[in-house]
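K.L.:
here is my input; please provide its structure:
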Amino acid sequence: MKVLIADTFEQSGLDAIAAAGCELIYRPEIADEKLAEVLASTCADVLVVRSTHVTEAMLDASSLSLIVRAGAGVNTIDVEAASRRGIYVSNCPGKNAIAVAELAFALILALDRRIPDNVADLRAGRWNKKEYSKARGLYGRSLGLLGFGRIGQEVARRAIAFGMPVVVWSRRFNRDGAAAGAPPGDLEITVVQSPEEVATRADVLSVHLALASDTRNFVGASILNRLAPGSYLVNTSRAEIVDPAALAEAVRTRGIRVGLDVFAQEPSSATGEFTDPVVGLPGVIGTHHIGASTDQAQQAIAAEAVRVIRAYKDTGKVPNVVNLATKTPATHMLVVRHRDRPGVLAHVFEHLRATNLNVQETENIIFEGAEAAIARINLDGNPPADLLKTIEHGNQDILNLYVVKV
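P.N.:
Numbering: from 1, shown residues only. Predicted structure coming up:
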C-alpha cells in the first residue's frame, strides 16, 4: 500500500507507517497542481493531509481509496467528490482538543489582562502600570460556549477550574432531547436552548462549532448584539463561522474585545504577508492559527492517523470515516439461509441483477463449523414472489429465504 503524505508530519508517525509495511512517500511541500501530478505519478492508495486542500481535479488524477485528514474536521477536502468516487475520507477527531482549549483559554486571559498590549509597550520602552491595572478578572464571570464537542468540553473544564459559571448551547442536546439546564456528564454547566441566550448570559463567548453550510456566518448580529458592552469573544474554530461585518461593528460600537486564532484571509503557506482588516481594530488580538500546534497534539494526531492507515491496510475497515451513508435507498432485506458453498451468493446476485434490483448492502455471517451461513442483502426494491421461488429452487444449497421490509 502506497501512502503519500502531503503536509508536515511527526517523525514518529512516518516511522510507524513505514514499520506497518507501507510504501511511504513524504512530500510535505507539494500542493495544488503539483499535488495532482504527484498523485497521478505515484498511484498512491492513501493520501494524508493537514491544511492542504484536496480538490475534485486531484481526485480525478489519482488512484486513491482513502484520504486521511491529520486533524479534526474535513473542510479542506472535497468530501462529496470523494464519495462519488468511492474514496473513504477519515480524520482524527478530538486529538487536538486539549491543545485548542489551552489556546482558547490563553486568549481569554490575554484579553482580560491585555497581555499583548502590555508586552508591546514594554518592548517600546513604555511603563504604564496605571493603565494596565484595569482588569476585570475572570472569577465569577460567565463563559458562554457555542458548540460542546471535545474542544468545548475541555474549555469548560478549564473555565470551571477558574471559578467561571459555564453556559452552553449545542445542537447535540436538542437532538438528544436534554432539557435546558440539565448538565451532561460530570461537568457542572447550564444548557440553554438558543445561541442568543448564551450570548445574553455570557461575559465571555467562545466559539467551537464545525464549519458547515448552516454554520457559515452563524455568529452574526443577532448573537453579537446580545453580548453586553465590553464582553469578550474568542474564536478558535473557523473564521467563516463569525460574520466579519457584524464582528467589526460590535468591536467599533460596543467595545467587544476579540481573540482570534483563525482568519478569513490567511496565507496559504506557513510564512508570508498577512493582511486582514480585523486585526487593525481596537481590542482585537490574534495568533497564527496555531490552536492544534503543540508537540503533544501533533504526536497524538500522528498516532491516530497511523491507526487509521494500519486498520485499513490490515482489515479493510476505516476508523473515523465521515462519508459513509447513514441511510441507503434500501427498502427491503432479502435474508438467505444457505450452506457455505461456492456460487450460492453469485446465483442470488445474478437473478437480482436480471430483474434490475440493486444491492445496497450485504452481510454474510458464517455459523460455527463453517457448514452454513446467513446472508442479509439490502435491496432498493421488493423482489416479487416468483423471483424468490426461482432463486430458492435454483440452487440446492439454499435452505430457505424470506423478505423483510426495512
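
K.L.:
and the gap between Ala16 and Arg307?
P.N.:
9 Å (C-beta to C-beta, to the nearest Å). (Each C-beta comes from the backbone N, C-alpha and C, glycine too.)

K.L.:
who has more neighbours out of the two?
P.N.:
Each of Ala16 and Arg307 has its neighbours counted (other C-beta atoms under 10 Å); Ala16 has more, 19 against 16.

K.L.:
so which elements touch whichever helix or strand the more buried one is part of?
P.N.:
Ala16 belongs to helix 11-19 when assigned by DSSP states H and E. Packing partners of helix 11-19 (3 or more C-beta pairs under 8 Å, 6 or more residues apart in numbering; DSSP states H and E): strand 2-5, strand 23-26, helix 295-315.

K.L.:
next, the buried residues of that helix.
P.N.:
When neighbours are counted by 16 or more other C-beta atoms under 10 Å, the buried residues of helix 11-19 are found to be 13-14, 16-17.

K.L.:
likewise stretch 78-91?
P.N.:
Buried positions in stretch 78-91, judged by neighbour count with 16+ other C-beta under 10 Å: 78-79, 81-82, 87-91.

K.L.:
check those against Ser268 and report the nearest one.
P.N.:
Of all the buried residues of stretch 78-91, Ser268 sits closest to Asp78, with 16.8 Å by C-beta to C-beta.

K.L.:
tell me the phi and psi of that closest one?
P.N.:
Phi and psi for Asp78, reported as degrees, to the nearest 10, are phi -80, psi 90.

K.L.:
would you map the strands across the stretch 151-300 of the chain?
P.N.:
All strands of the stretch 151-300 of the chain, identified by DSSP state E, counting those that start in this stretch, fall at 166-169, 190-191, 204-207, 232-235, 257-260, 284-286.

K.L.:
tell me which of those strands lies nearest to Gly125.
P.N.:
Gly125 lies closest to strand 284-286 among the strands of the stretch 151-300 of the chain, at 21.1 Å (C-beta to C-beta).

K.L.:
picking up where we left off before, where among the strands of the stretch 151-300 of the chain is the average confidence lowest?
P.N.:
Across the strands of the stretch 151-300 of the chain, strand 190-191 has the smallest mean pLDDT, namely a mean of 94.

K.L.:
please pull out the lowest mean pLDDT helix or strand from the protein.
P.N.:
Ranked by mean pLDDT, DSSP states H and E, the weakest helix or strand in the chain is helix 171-176, scoring a mean of 69.

K.L.:
buried deepest among the helices and strands packed on helix 11-19, which one?
P.N.:
strand 2-5 (a mean of 22; mean count of other C-beta atoms under 10 Å).

K.L.:
need phi/psi at the residue most central in space within the chain.
P.N.:
Within the chain, one residue has its C-alpha closest to the average C-alpha position: by C-alpha atoms, centre = their mean, that is Gly73, at 2.3 Å. Backbone torsions for Gly73, taken as degrees, to the nearest 10, come to phi 80, psi 170.

K.L.:
so, low pLDDT: which residues of the stretch 251-400 of the chain?
P.N.:
Of all residues in the stretch 251-400 of the chain, none has pLDDT under 70.

K.L.:
correct me if wrong: Leu379 contacts Val359.
P.N.:
Yes. Contact criterion C-beta atoms under 8 Å: Leu379 and Val359 qualify, at 6.3 Å.

K.L.:
so for the two, which sits in the more crowded spot?
P.N.:
Taking other C-beta under 10 Å, Leu379 and Val359 do not tie; Leu379 has more neighbours (23 against 15).

K.L.:
what residues are up against that one?
P.N.:
Counting by C-beta atoms under 8 Å, 6 or more residues apart in numbering, Leu379 makes contact with 330-334, 352, 357-360.

K.L.:
among the residues you listed, name the buried ones.
P.N.:
Buried by 16+ other C-beta under 10 Å: 330, 332-334, 352, 357, 360, out of those.

K.L.:
from the residues you listed, which land in strands?
P.N.:
332-334, 360 (DSSP state E).

K.L.:
need the contact partners of the helix holding Ala16.
P.N.:
3, 5, 24, 26, 299, 302-303, 305-306, 309-310.

K.L.:
now swap in stretch 250-263 and tell me
P.N.:
103-104, 107-108, 110-111, 221, 224-225, 227, 229-239, 247, 274, 276, 278-279, 281-291.

K.L.:
what's the answer for stretch 113-123, then?
P.N.:
Outside stretch 113-123, the residues that touch it by C-beta under 8 Å, 6+ apart are 109-110, 127-128, 132, 135, 285.

K.L.:
what does stretch 348-365 give?
P.N.:
Identification of contacts with stretch 348-365 by C-beta under 8 Å, 6+ apart yields 328-330, 334, 336, 345, 373-381, 383-384, 387, 390-391, 394-395, 398.

K.L.:
sorry, back to before: determine which two of the buried residues of helix 11-19 are furthest apart.
P.N.:
Those two in these that are separated most widely, counting by C-beta to C-beta, are Leu14 and Ala16, at 7.4 Å.

K.L.:
what about the helices in the stretch 301-406 of the chain?
P.N.:
344-354, 385-393 (DSSP state H, counting those that start in this stretch).

K.L.:
how about low-confidence regions in the stretch 101-250 of the chain?
P.N.:
Along the stretch 101-250 of the chain, segments meeting pLDDT under 70 span 174-185.

K.L.:
ok, the nearest residue to Ile223 once chain neighbours are set aside - contacts?
P.N.:
Excluding the flanking residues, the one nearest Ile223 by C-beta to C-beta, 6 or more residues apart in numbering is Ala199, at 4.8 Å. The contact partners of Ala199, taken as C-beta under 8 Å, 6+ apart, are 144, 205, 223-224, 226-227.
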